[in-house]
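A.B. asks: Can you look at this prediction? I've put the sequence above it.
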Amino acid sequence: MPVLVRPSVALIALGLAALAPSAHALSKRDQAAVEVLDQRMAAAEARYREGIVKVGNTDPAGRTEVDAALEDMEDVMAACVKQKGCSPTTMLTAYKRLLKQNADLAAGDDVPEDNEDEGAGSITADVPEAARAAALLSADGERFVKMVQYNPAVQAGIRRWLTDMRGALIDTHENYQYLRQSMWPQFERAGLPEALLFGVMAKESNGRVHATSRAGAAGPMQFMYGTGRRFGLGDDGTGFDTRYDARASAQAAASYFNERLGELNRSIELSLAAYNGGEGRALRVYSNSGGRNFWDESVYNQFPAETRDYVPMVIAAAWLFLHPKEYGLSFPKVDARAAGLRLNKPSSIYELTICLGSSGSRDGYMRALRNLNPRYEADRYLPAGTTLNATTKIVSLYNRWCVQGQRADLAHTLVTSDASSAIVRTGPVTPVLPTDAVYEAESAGAGSAGVAVAPVRTAPKKASKPGSYTVKRGETLTAIAQKFQCDTGDLAKANKLKAPRYAIKPGQKIKLDGCEG
């Protein structure tokens, strides 16, 4: 995975470029200070490149070097804004080189050995449309600050997120931490701010990968089927809908926003309105209004109530993502370091959720496992040897609690229990037939007339393997697979049922190919 520049570096530069002080009539002291900042930026860039090489050589020190270099860049950019004669646009040149280098690495190119300079004059033309709009959602973006201070709709959105929707916002943040390594690089490469990604996901799905709407939208970014197809989402040939894939849906969303920003004068508000209310409507309203912004009455009132609510709510969530402490908001910290979990024995996500417990997590690990493994239904039994996407914490808990022991046995018992076995049947007693028992008469003596010996039963014939089964109300394919001792995936394939839902209905005939009975 390529090393990626953190959002704060780009956002500080982009958000503050317009605030650079004039360079006229610089004193020698100011000129010297600017030169020092240039030298510091050059040193930070060199340190970053060295860190990349170490990362490529799997040197653990590489990640530390890269982080330290980026922190140096942030410090230089912040100092540049305050220093007379220093141009943030010039400082952005270094960031642009690193962004290009990351793109080359993502494409599989080698780490460049030279340090070719590129003219600052070409930056504005080369940076994506979204990057020039990113200042709106940057931590220091002046326009965003004014919007929050003076826009009652955004203020109302912040109030809602901090009151009755606080739990949903916190859940979104926790879910996002597990998904961040898959989703954020897609927005970063597109020049889009991370806060926008978080805000959209908070309003759309709360970070639940398998979320669906009554209208047919699906996945963490809630793409409609037709729109998803336009941006590369849909059936991947195995029956899995990639709208549920966090990485693919984030990449599609980034492409969608860049496309909208390009045709809507880089307006994030109008792009959000298009995302929710339809791109055709947004473009028509924008064009007919002569290019007015979203908050203009003539534009605002042409969108449905849902969209008028959606736009400020997304911006409010993005603002809180950037400034939680100002509002007394504490997001839980999650250890989301990625690791593969190889199953030592057959299990399901439900069973893992029970045996893993909730150590280090407020609500346990079912949502994390579901989000990281969207192809698997929670009740599907997975064979031993299956590798799941997980975290180092989950792998540690699995090895401790789920391989063997009382909790592992309890989890298996709970998941495989059959609720129908709790039904008590009442009615007439079936009489024992003469052929079911053998009576032996003992010789008369000591007053004995005859003693009935316990019935002796012949061994039953082994039942033939069932060929089919009729689905009962409340049953899932996984439950049927467990009942007849066969693999859920094989059963689904035999009956042409598509993952990940394996939808069945009462009365449906299921072929039991490969089942033991």
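C.D. replies: Happy to help now that I have it.

A.B. asks: low-scoring stretches of this structure, by residue?
C.D. replies: 1-25, 56-58, 81, 88-136, 138-143, 149, 425, 427-465, 500-501, 516-517 (pLDDT under 70).

A.B. asks: show me where it has strands.
C.D. replies: 338-342, 387-391, 468-470, 509-511 (DSSP state E).

A.B. asks: Pipe those into a markdown table and attach distance to A408 and mean neighbour count per row.
C.D. replies: Where C-beta positions appear, they are placed from N, C-alpha and C, glycine not excepted. Conversion of the strands of the chain to a markdown table gives the following (distance: least, CB to CB, whole Å; neighbours: other CB atoms under 10 Å):
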| stretch | distance to A408 | mean neighbour count |
| --- | --- | --- |
| strand 338-342 | 14 | 14 |
| strand 387-391 | 16 | 19 |
| strand 468-470 | 29 | 12 |
| strand 509-511 | 30 | 16 |
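
A.B. asks: any idea how far S287 is from L272?
C.D. replies: Plainly put, S287 is 18 Å away from L272 if you go by CB to CB, to the nearest Å.

A.B. asks: Those two: who's more crowded?
C.D. replies: L272 (27 against 11; other CB atoms under 10 Å).

A.B. asks: how about the more buried one, what does it touch?
C.D. replies: Going by CB atoms under 8 Å, 6 or more residues apart in numbering, L272 touches 200, 310-311, 314-315.

A.B. asks: Return the distance of it relative to D59.
C.D. replies: 42 Å.

A.B. asks: and P332, what does it touch?
C.D. replies: 170, 173-174, 362.

A.B. asks: Only the buried subset of those residues, as a PyMOL command please.
C.D. replies: In PyMOL, this line selects whichever of these come out buried by 16 or more other CB atoms under 10 Å:
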select buried, resi 170+173+174
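
A.B. asks: Of all pairs in the contacts of P332, which one is the farthest apart?
C.D. replies: Across these, no pair lies farther apart than H173 and R362, at 11.7 Å, counting by CB to CB.

A.B. asks: which of the residues in the helix ranked longest in the chain are buried?
C.D. replies: Secondary structure assigned by DSSP state H gives helix 28-56 as the longest helix of the chain. For helix 28-56, burial by neighbour count (16+ other CB under 10 Å) applies to 30, 33-34, 37-38, 40-41, 44-45, 47-49, 51-52, 54-55.

A.B. asks: Specify which member of those is nearest to G239.
C.D. replies: V55 (36.6 Å).

A.B. asks: Look up how far A44 lies from the nearest residue to the closest one once chain neighbours are set aside.
C.D. replies: Nearest-residue entry for V55: G62, 3.6 Å, with adjacent residues in sequence omitted and distances by CB to CB, 6 or more residues apart in numbering. With distances taken as CB to CB, G62 is found 15 Å from A44.

A.B. asks: ditto for D363
C.D. replies: 40 Å.

A.B. asks: what's the answer for Q155, then?
C.D. replies: For Q155, the distance to A44 - CB to CB - is 38 Å.

A.B. asks: One more: K84?
C.D. replies: With CB to CB as the criterion, K84 and A44 are 21 Å apart.

A.B. asks: Y502 too?
C.D. replies: Taking CB to CB, one finds Y502 at 52 Å from A44.

A.B. asks: Check N293 too.
C.D. replies: On the measure of CB to CB, N293 and A44 end up 37 Å apart.

A.B. asks: Leaving out sequence neighbours, find the closest residue to E351.
C.D. replies: Here the residue nearest E351, using CB to CB, 6+ apart, is V415, at 4.4 Å.

A.B. asks: Look at the one you found and say how many residues are nearby.
C.D. replies: 21.

A.B. asks: isn't it right up against S348?
C.D. replies: Yes - if you go by CB atoms under 8 Å, V415 and S348 touch, sitting 6.3 Å apart.

A.B. asks: Excluding sequence neighbours, find me the nearest residue to D72.
C.D. replies: A44 (3.8 Å).

A.B. asks: tell me the contacts of the one you found?
C.D. replies: 69-70, 72-73, 76, 94.

A.B. asks: Just the closest of these to I510, please.
C.D. replies: L70 (55.3 Å).

A.B. asks: in terms of contact, does the closest one touch G51 like I think?
C.D. replies: No - applying CB under 8 Å, one finds L70 not in contact with G51, separated by 9.1 Å.

A.B. asks: any idea how far A252 lies from K511?
C.D. replies: Distance from A252 to K511, by CB to CB: 36 Å.

A.B. asks: now swap in R214 and tell me
C.D. replies: Counting by CB to CB, the gap from R214 to K511 is 32 Å.

A.B. asks: For G328, grab the count of nearby residues.
C.D. replies: 7.

A.B. asks: again, but for S298
C.D. replies: S298 has 11 nearby residues by other CB under 10 Å.

A.B. asks: residues contacting it?
C.D. replies: So S298 contacts 289, 292 (CB under 8 Å, 6+ apart).

A.B. asks: Try it again at 10 Å.
C.D. replies: 285, 288-290, 292 (CB atoms under 10 Å, 6 or more residues apart in numbering).

A.B. asks: again with H412
C.D. replies: By CB under 10 Å, 6+ apart, the neighbours of H412 are 345-348, 351, 354-355, 402.

A.B. asks: Out of these, which comes closest to G226?
C.D. replies: After measuring those against G226 - CB to CB - the closest member comes out as S348, at 33.3 Å.

A.B. asks: For P466, see how far away the residue nearest to that closest one when sequence neighbours are not counted is.
C.D. replies: Excluding the flanking residues, the one nearest S348 by CB to CB, 6+ apart is Y381, at 5.0 Å. In this view, Y381 and P466 are 19 Å apart by CB to CB.

A.B. asks: Equivalent analysis for S249, please.
C.D. replies: Taken as CB to CB, the span from S249 to P466 is 41 Å.

A.B. asks: on that earlier part again, out of Y381 and P466, which sits in the busier spot?
C.D. replies: Taking other CB under 10 Å, Y381 and P466 do not tie; Y381 has more neighbours (23 against 13).
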